[in-house]
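K.L.:
Okay, predicted coordinates and the sequence, questions at the end:
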Amino acid sequence: MLMLIGLGLETKDLSVRALEALKSADRVLAEQYTTILPGGYIDFLEKETGKRIQFIKRSDLEENVDATIKDSKTKNIALLIPGDPLVATTHHIVADAAKKVGASVEVFHSSSIFSAAIGVSGLDIYRFGPTTTVPFWSAKYKPTSFLDVIMKNQSNGQHTLVLLDIDAAEGRHMNASEAVALLLKAEEEKGYGVLTPDTRVIVLCDIGRNIQAIDYTTIGKATSDRAKATALIIPARLNFAEEESLRANSLK
């Protein structure tokens, strides 16, 4: 059996059912290319379950997925995934690969940044358009498609959840300063007129943890790293209830 186990957003977020399943695993794998796990989470799990947890690379779940799940027909293979297991399309591919070799698949859901970020913002979930991601730029890779998503959502009167990239090699998340700098660079390049330094933005920091913070500010002022940025929201025009809820929960 292949067990896809969601770890949620904070240490100990996994369910009791998931913890019991983990104890029955013959082999435990963990990935953290979709996000970086909270410090101490793996140590906690190894202590609670008595299992040795092996970190695997993205390639192990994509190009080499068959080798990764080959024993799942006869053994219990657990794959630990930050957030919710089925949010990233990669994990659907892993589940499909296991089914093709005749293995059963069980999913253990947990909290996700998608629901948590939108929920704590106080904005209406039904007013969100497609989500986008701001990736790190390099000398030969400078994508700007995230601005297309924001522009379309704005024209439709919809909010945009903007996820921030991670640098797996350095083990760090993109911070708010880096994200807004890239947003403005993309705007300068494309000239859409959808973002300016005065555009309102919601900076969501350490969401799902006891130090979470919501900073309702402008793009030009979103440079403070008071907490680790998890995501941004570019809001459309707020209704009265959204405005009240957002201001009540944001930093002063």
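P.N.:
Great, that's in hand. Numbering: from 1, shown residues only.
K.L.:
Can you show me the helices along the stretch 51-200 of the chain?
P.N.:
Using DSSP state H, counting those that start in this stretch, the helices of the stretch 51-200 of the chain run over residues 58-61, 65-69, 89-100, 113-121, 145-155, 176-190.
K.L.:
Could you take those helices and lay them out as TSV, with extra columns for mean neighbour count and mean pLDDT?
P.N.:
Any C-beta I mention is one placed from the backbone N, CA and C, and that applies to glycine too. Listed next are those as TSV, based on neighbours: other C-beta atoms under 10 Å; pLDDT from 0 to 100:
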stretch	mean neighbour count	mean pLDDT
helix 58-61	16	88
helix 65-69	17	90
helix 89-100	16	90
helix 113-121	20	92
helix 145-155	18	98
helix 176-190	19	95
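K.L.:
between the ones you listed, which one is nearest to R17?
P.N.:
Between R17 and the helices of the stretch 51-200 of the chain, the shortest separation by C-beta to C-beta is 18.0 Å, and it involves helix 89-100.
K.L.:
picking up where we left off before, could you dump the helices of the stretch 51-200 of the chain into CSV and include distance to N249?
P.N.:
Below are those laid out as CSV (distance: least, C-beta to C-beta, whole Å):
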stretch, distance to N249
helix 58-61, 35
helix 65-69, 41
helix 89-100, 31
helix 113-121, 7
helix 145-155, 22
helix 176-190, 17
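K.L.:
Among those, which comes closest to S15?
P.N.:
Here helix 113-121 is closest among the helices of the stretch 51-200 of the chain (C-beta to C-beta), at 15.5 Å.
K.L.:
How is this protein partitioned into domains?
P.N.:
Domain assignment for the chain by automatic domain parsing gives 2-108, 113-249.
K.L.:
Report the separation between N239 and S245.
P.N.:
Counting by C-beta to C-beta, to the nearest Å, the gap from N239 to S245 is 10 Å.
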